[in-house]
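Colleague: Attaching a predicted model along with its sequence, questions to come.
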Amino acid sequence: MDDFRTPAQAPEPWDRATAPAPEPAAPTWSVPAATPAAPTWTVPAAAAAVETTSPGASTPKARRSIGPAFVLTAVVAAAALSSGGTYLVVNATAAHQLATPNPVVNPAVANPATPAAPVTPANPAPAPAVGQGSIPDIVKAVSPAVVTITAENVTETDPTTGQTAQGTATGSGVIFDANGLILTNHHVVAGNPSKLTVHLVDGRDLDATVYGVDTLTDLAIVKVDATGLPTAPIGDSSTIQVGQQAIAIGSPLGTFTDSVTSGIISAVGRTIPVDSGTLTNLIQTDTAINPGNSGGPLLDPSGKVIGINTAVAGQAQNIGFAIPINIAKPLLAQASAGQALARPWLGVQFQTIDAALQKANNLPVDKGAWISTTDASQSQSQSGQGQDPNGQDPFGGQDPFGGQLPNGQDPFGQGGQGQATQPQSAIVAGSPAEAAGLKEGDIITAVDGTTLDASHPLDLVMSQLSPGQNVTLQILRDGQSTTVSLTLGTRPSTL
């Protein structure tokens, strides 16, 4: 989708949870509280060396543990981003500009002429009964469906020095379709790996390919040539309650496969800045997420997958983030049906209305999606006011964009890359929104009968829709309520 939120937060350091493959030597442990003599850089949660994302697709960097040969950094907005963690061992190479990697997509399903309507994922092989509230039972039931993903000869660039390096990175994934489909983070398989290998708990190593990459979030689907695989039960992230138990399974440091950690859900609806924009609607958890955990599942107390671990705060403890599984469900359905991965697109830049935004801009309502004017968006960006539905600005009012308005945020949680050098219209030229006559200043109050509010922001609601789907928007314009019908487009990969 292409609705954009106006990012207004200055970034904190986030580490992605990708871990580089370990060297034979014993790992070097660091004490969190101490300041290292030299900076230790971590790459977000994927198992690939460098996490490069397409413009407009914000992907948290997995924490990749880097070998001694060369250390790489992941910078988000104005800070280092750390995600769950990809563990990476790299070799230094001559410095050069890293070309944006082209994701590998299954040619049999790439670029369909007309995206098909969403379908229910194929019935996976029955999973063992999951224990209610018993972590040992949950682990026995789900861990066979959690895999370790190794990406060889991935390329990453240190944004500080401009040097590039190649190496092997390791992350996690979860099997959702018995016919060989695995959900993971995009940053786990980024960096143009020459080879992907999926390691199963039962000891099998299977060659893998990237089936497709989500243009909206830090998600990707990997395919192996196998059937009858164990699958993890998919849950419902809309039922999450703050304070409930959360369990993570993955491969921290790329060495300790099938590791289990437990905590609680700390918050929902979180927004964090990443190097390519922002990620929104995230689950926050204090469950330990380490390099190598990226792409692994976050489970509820019944053992169902409610999120995909993606990022952690690099300058704090026990602040981790996962992409809600409901955001991934349309992709799971598309892949199970043999379709290319595609997101719907509306084509507006918006801000989620809350009491503060209403008061600051004299808006007639206290909820909805405001297609703000360029001037208002610019002012909001410069103010550093947070967009977190929990009403907090974790960045202390700092503007990571130096007063420049980025391309905005996608309703699927992805923002544009770079900084805008001049004002941009909130209605994207050539978009479904423009064709339907939407205007700057309009307030979208509902989509197909679903009222937009802090718990149901526009980007989250749109993430459940499909390209080509007809929708009806309830609009408030100049104090008058009206409806607008339109057909959603397919989100361009360049956003």
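Modeller: Thanks, I have the structure now. Just so it is clear, the model here is predicted, and its values are computed rather than measured.
Colleague: Settle this for me: V174 is touching L183, isn't it.
Modeller: Yes: assessed by CB atoms under 8 Å, V174 is found in contact with L183 at 5.4 Å. C-beta: built from backbone N, CA, C; applies to glycine.
Colleague: Spit out the residues that contact those two alike.
Modeller: Counting by CB atoms under 8 Å, 6 or more residues apart in numbering, the shared contacts of V174 and L183 are G295, I308.
Colleague: So between these two, which is more surrounded?
Modeller: Taking other CB atoms under 10 Å, V174 and L183 do not tie; L183 has more neighbours (28 against 25).
Colleague: Report the beta-bridge partners for that one.
Modeller: On DSSP bridges, the residues paired with L183 through beta bridges are V174, I221.
Colleague: from what I can see it touches G296, true?
Modeller: No: using CB under 8 Å, L183 is not in contact with G296; the gap is 9.7 Å.
Colleague: can you dump the C-alpha coordinates of the one helix or strand K140 maps to into PDB?
Modeller: K140 is part of helix 135-142 when elements are defined by DSSP states H and E. Extracted as PDB, the C-alpha positions of helix 135-142 are listed here (Å, rounded to 0.1, in the frame of the first residue of the first chain):
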ATOM      1  CA  ILE A 135       6.500 -23.400  27.700                       C
ATOM      2  CA  PRO A 136       8.100 -26.900  27.400                       C
ATOM      3  CA  ASP A 137       5.000 -28.200  25.500                       C
ATOM      4  CA  ILE A 138       5.000 -25.100  23.300                       C
ATOM      5  CA  VAL A 139       8.600 -25.600  22.400                       C
ATOM      6  CA  LYS A 140       8.200 -29.300  21.600                       C
ATOM      7  CA  ALA A 141       5.200 -28.400  19.300                       C
ATOM      8  CA  VAL A 142       6.600 -25.400  17.500                       C
END
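Colleague: Can you work out which residues contact both of L183 and G296?
Modeller: Counting by CB under 8 Å, 6+ apart, the shared contacts of L183 and G296 are G173, V174, I308.
Colleague: With distance to T148 added, can I get those residues in JSON lines?
Modeller: Listed next are these as JSON lines, based on distance: CB to CB, whole Å:
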{"residue": "G173", "distance to T148": "8"}
{"residue": "V174", "distance to T148": "11"}
{"residue": "I308", "distance to T148": "15"}
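Colleague: could you redo those residues as TSV and give each row distance to P492 and pLDDT?
Modeller: Shown next, in TSV, are the shared contacts of L183 and G296 (distance: CB to CB, whole Å; pLDDT from 0 to 100):
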residue	distance to P492	pLDDT
G173	27	97
V174	28	98
I308	24	97
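Colleague: just to revisit the earlier point, list the pairing partners of the helix or strand just after the helix holding K140 within its sheet, with orientation.
Modeller: Note on helix 135-142: by DSSP H and E, the next helix or strand toward the C-terminus is strand 146-157. When sheet partners are counted by DSSP bridges, strand 146-157 sits next to strand 164-177 (antiparallel), strand 195-199 (antiparallel).
Colleague: possible to save those strands as CSV with distance to L458?
Modeller: What follows is these, written out as CSV (distance: least, CB to CB, whole Å):
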stretch, distance to L458
strand 164-177, 27
strand 195-199, 35
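Colleague: Just give me the lowest mean pLDDT stretch among these.
Modeller: Within the strands paired with strand 146-157, confidence is poorest for strand 164-177, with a mean of 92 (mean pLDDT).
Colleague: what's the longest helix in this protein?
Modeller: Secondary structure assigned by DSSP state H gives helix 325-336 as the longest helix of the chain.
Colleague: for that helix, packing partners?
Modeller: strand 164-177, strand 181-184, strand 205-213, strand 220-224, strand 305-313 (3 or more CB pairs under 8 Å, 6 or more residues apart in numbering; DSSP states H and E).
Colleague: tell me the mean pLDDT over it?
Modeller: 97.
Colleague: Other residues contacting the helix or strand just after that helix?
Modeller: Downstream of helix 325-336, the next assigned helix or strand under DSSP H and E is strand 344-345. With CB under 8 Å, 6+ apart as the test, strand 344-345 has contacts from 1-2, 431-432, 462, 465-469, 488-492, 495.
Colleague: can you give me the strands in the stretch 301-450 of the chain?
Modeller: For the stretch 301-450 of the chain, the strands defined by DSSP state E, counting those that start in this stretch occupy 305-313, 320-324, 344-345, 349-352, 369-370, 443-447, 450-451.
Colleague: tell me the angle the longest one makes with strand 220-224.
Modeller: Interaxial angle of strand 305-313 relative to strand 220-224 (axes from the mean of the first three to the mean of the last three CA atoms, to 10 degrees): 120 degrees.
Colleague: helices or strands next to strand 305-313 in the packing?
Modeller: Counting by 3+ CB pairs under 8 Å, 6+ apart, strand 305-313 packs on strand 14-16, strand 79-83, strand 164-177, strand 245-250, strand 277-285, strand 297-299, strand 320-324, helix 325-336.
Colleague: what do you get for the fifth one?
Modeller: Taking 3+ CB pairs under 8 Å, 6+ apart as the contact definition, the neighbouring helices and strands of strand 369-370 are strand 349-352, strand 443-447.
Colleague: In TSV, list these along with distance to L282, mean neighbour count and mean pLDDT.
Modeller: Putting those into TSV (distance: least, CB to CB, whole Å; neighbours: other CB atoms under 10 Å; pLDDT from 0 to 100) gives the following:
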stretch	distance to L282	mean neighbour count	mean pLDDT
strand 349-352	14	28	93
strand 443-447	21	21	97
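Colleague: Out of these, which gets nearest to A145?
Modeller: For these, distance to A145 was read as CB to CB. The smallest value, 33.4 Å, belongs to strand 443-447.
Colleague: hang on, the earlier thing: looking at the helices and strands packed on helix 325-336, which is buried most?
Modeller: strand 305-313 (a mean of 32; mean count of other CB atoms under 10 Å).
Colleague: Next, the angle from that one to strand 320-324.
Modeller: 140 degrees.
Colleague: partner strands of the top strand by length along the chain, parallel or antiparallel?
Modeller: Under DSSP state E, the strand in the chain containing the largest number of residues is strand 259-274. Strand 259-274 has the following strand partners under DSSP bridges: strand 245-250 (antiparallel), strand 277-285 (antiparallel).
Colleague: about what we covered before: next step: the contacts of strand 344-345 restricted to strands.
Modeller: G489, T490.
Colleague: What is the nearest of the contacts of strand 344-345 to T155?
Modeller: Distances from T155 to these, taken by CB to CB, are shortest for L495, at 23.7 Å.
Colleague: if we can go back for a sec, buried sites along the longest strand of the chain?
Modeller: 259-263, 265-274 (16 or more other CB atoms under 10 Å).
Colleague: Just flag the most distant two among these.
Modeller: Greatest spacing in the buried residues of strand 259-274, by CB to CB: V260 and P273 (29.8 Å).
Colleague: Closest to S336 out of the shared contacts of L183 and G296?
Modeller: When the shared contacts of L183 and G296 are compared for distance to S336 (CB to CB), V174 wins out at 14.1 Å.
Colleague: how about the closest one, what does it touch?
Modeller: A145, V146, V147, I182, L183, T184, A232, G295, G296, P297, V305, I308.
Colleague: go with 7 Å
Modeller: A145, V146, I182, L183, A232, G296, P297, V305 (CB atoms under 7 Å, 6 or more residues apart in numbering).
Colleague: Alright, that wraps it up for me.
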